[in-house]
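>>> need the 3D shape of this:
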Amino acid sequence: MFDLLPDRLPWFVGGPILGLLIVGLFVLANQPLGASGAYVQTTGFLRRRDGVVIWRVWYFVGMFLGGLLVTQVLRSGSEIRTGYDALTNVFPLAVVVPMVFGGATLLGYGAALAGGCTSGHGMCGTAQRSPASLAVTATFMTTAIITTFVLRILTGGDL
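A predicted model of the protein is given here:
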């Protein structure tokens, strides 16, 4: 099969498309588009809880199936990558695995504590001019910048 998609969608294409989706969903359904919200709705659906918004369950399933479709069908010769090559080039796997596990645990805890994920607050919450989302977005952006500087110093610029 031929290679249908580029390695990465340019920001100037993906950004406006995402912005139109977010605004369009607010106009049509008065609801934010968020991945962690879709995850919470899906777990509620699987646990047979009341008040589940079914389109969010399909959104969550679609994210998984869409990723699978793109990597296995539309891209010829695709390979499964972890996305942590830069870390494994600097640190041994025995350090990377607990580091990623700890980061994922903190991310999940933070999303639960903040009432949404970083992308949900950053794109949807700030679009709604939510003070909480503005504060959360400023906090995680500041933390990410500081973490990047610390990693660059600790690894001598390798990360």
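>>> which other helices and strands contact the lowest-mean-pLDDT helix or strand in the chain?
Sorting the helices and strands of the chain by mean pLDDT, DSSP states H and E puts helix 118-119 at the bottom, at a mean of 81. Contact here means 3 or more C-beta pairs under 8 Å, 6 or more residues apart in numbering; DSSP states H and E; on that basis helix 118-119 packs against helix 93-114, helix 131-154. (Each C-beta comes from the backbone N, C-alpha and C, glycine too.)
>>> could you give the angle of the first one to helix 131-154?
Put plainly, it is helix 93-114. Here helix 93-114 points in a direction 160 degrees away from that of helix 131-154 (axes from the mean of the first three to the mean of the last three C-alpha atoms, to 10 degrees).
>>> mind listing what's buried along stretch 16-23?
residue 22 (16 or more other C-beta atoms under 10 Å).
>>> likewise for stretch 86-99?
By 16+ other C-beta under 10 Å, the buried positions in stretch 86-99 come out as 87, 91, 96.
>>> hmm, residue 45 and residue 54 touching each other?
Yes: counting by C-beta atoms under 8 Å, residue 54 does reach residue 45; the two are 7.4 Å apart.
>>> quick one, what contacts the residue lying closest to residue 120 once chain neighbours are set aside?
Of all residues not flanking residue 120 in the chain, residue 34 sits nearest, at 3.3 Å (C-beta to C-beta, 6 or more residues apart in numbering). When contacts are counted by C-beta atoms under 8 Å, 6 or more residues apart in numbering, residue 34 touches 116-117, 119-120, 124.
>>> how about residue 34, phi and psi?
Note on residue 34: backbone dihedrals following degrees, to the nearest 10 are phi -140, psi 140.
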